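>>> Structure here, sequence nowhere to be found:
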């Protein structure tokens, strides 16, 4: 009589955390903005971030970001059956300044009509960096704000393309987000929405930070379940 085979013990299936949210960020600047955002990526490592320094004017950045957004939507349509995908919450962002760009408003409108998020600054990105250290709420030129940033961070030199230590600056990112929000409310109250000075880069950092925290929480819960299943 053949021996009865003993069934193999059932293995518990490990919980797998959902894939991380992805951010594709296209920047007008070729140095300061990409370097800052790469520091953001290092600090909030659970939010997947791709940073592209486009260079050129706002309209060029908008075109590149919109093209990528359309490609992502096309790819999503071919992978609808992948229910574990986090792609529906992925975001494409365009980061650019008003400065003296004649087609700035066109670039913003193009992005919004194509579901690309915009992190815009008036007059320049450096106003966002200043907000990490202090309130700044008076109309100014780009050169004025860059000069103020140099006073606060002597290692920053706009003319020499020398950036400050962004890892150190990012310690104050929550304060910068709060200051930027107050700044935007003040421009609204003046009936000058997004006017000088203002920035929405804080909306980008907050969204990245929240995605990082959510994914980190899910990873922690996953590890706790796995430990709880260990005999």
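On my side now, so go ahead. Because the structure is a prediction, the values reported are computed rather than measured. Numbers count the residues shown, from 1 in each chain.
>>> quick one: contacts for the residue nearest to residue 158 when sequence neighbours are not counted?
Spatial nearest neighbour of residue 158, excluding adjacent residues (C-beta to C-beta, 6 or more residues apart in numbering): residue 146 at 4.3 Å. Placement of C-beta: from N, CA and C, glycine included. Counting by C-beta atoms under 8 Å, 6 or more residues apart in numbering, residue 146 touches 124, 126, 156, 158.
>>> Of all the residues in stretch 102-114, which ones are buried?
Within stretch 102-114, the residues scored as buried using 16 or more other C-beta atoms under 10 Å are 104, 107, 108, 110, 111, 114.
>>> Export those residues as a markdown table, with columns for secondary structure and distance to residue 65.
Output for those, formatted as a markdown table (DSSP: H, G, I helix; E, B strand; the rest coil; distance: C-beta to C-beta, whole Å):
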| residue | secondary structure | distance to residue 65 |
| --- | --- | --- |
| 104 | helix | 14 |
| 107 | helix | 9 |
| 108 | helix | 12 |
| 110 | helix | 9 |
| 111 | helix | 7 |
| 114 | coil | 8 |
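>>> Same question for the helix or strand in which residue 75 is found: list its buried residues.
Here residue 75, judged by DSSP states H and E, is contained in helix 58-78. Burial within helix 58-78, assessed by neighbour count using 16+ other C-beta under 10 Å, is assigned to 58, 59, 60, 61, 62, 63, 64, 65, 66, 68, 69, 72.
>>> Just the angle for the helix or strand that it is followed by relative to helix 58-78, thanks.
Next in sequence after helix 58-78, counting helices and strands by DSSP H and E, comes strand 91-97. Inter-element angle recorded for strand 91-97 and helix 58-78: 180 degrees (by axes from the mean of the first three to the mean of the last three C-alpha atoms, to 10 degrees).
>>> Could you list every helix and strand in contact with the lowest-mean-pLDDT helix or strand in the chain?
Lowest mean confidence among the helices and strands of the chain (mean pLDDT, DSSP states H and E): helix 201-229, at a mean of 83. Contacts defined by 3 or more C-beta pairs under 8 Å, 6 or more residues apart in numbering; DSSP states H and E place helix 201-229 against strand 22-27, strand 91-97, strand 117-122, helix 173-189.
>>> For the first one, buried residues please.
Using 16+ other C-beta under 10 Å as the burial criterion, the residues of strand 22-27 that qualify are 22, 23, 24, 25, 26, 27.
>>> least confident pick among the residues you listed?
pLDDT across these is at its lowest for residue 22, which sits at 93.
>>> coming back round to it: quick check: the residue nearest to residue 158 is in a strand.
No: in this structure, residue 146 is helix, not part of a strand, as judged by DSSP: H, G, I helix; E, B strand; the rest coil.
>>> Can you give me the separation between residue 212 and residue 65?
From residue 212 over to residue 65 the distance is 21 Å, taken as C-beta to C-beta, to the nearest Å.
>>> for residue 31, same thing?
From residue 31 to residue 65 the distance is 19 Å (C-beta to C-beta).
>>> cool, residue 102 as well?
Separation of residue 102 from residue 65 (C-beta to C-beta): 19 Å.
>>> same thing with residue 203?
For residue 203, the distance to residue 65 (C-beta to C-beta) stands at 15 Å.
>>> Right, I'll leave it there.
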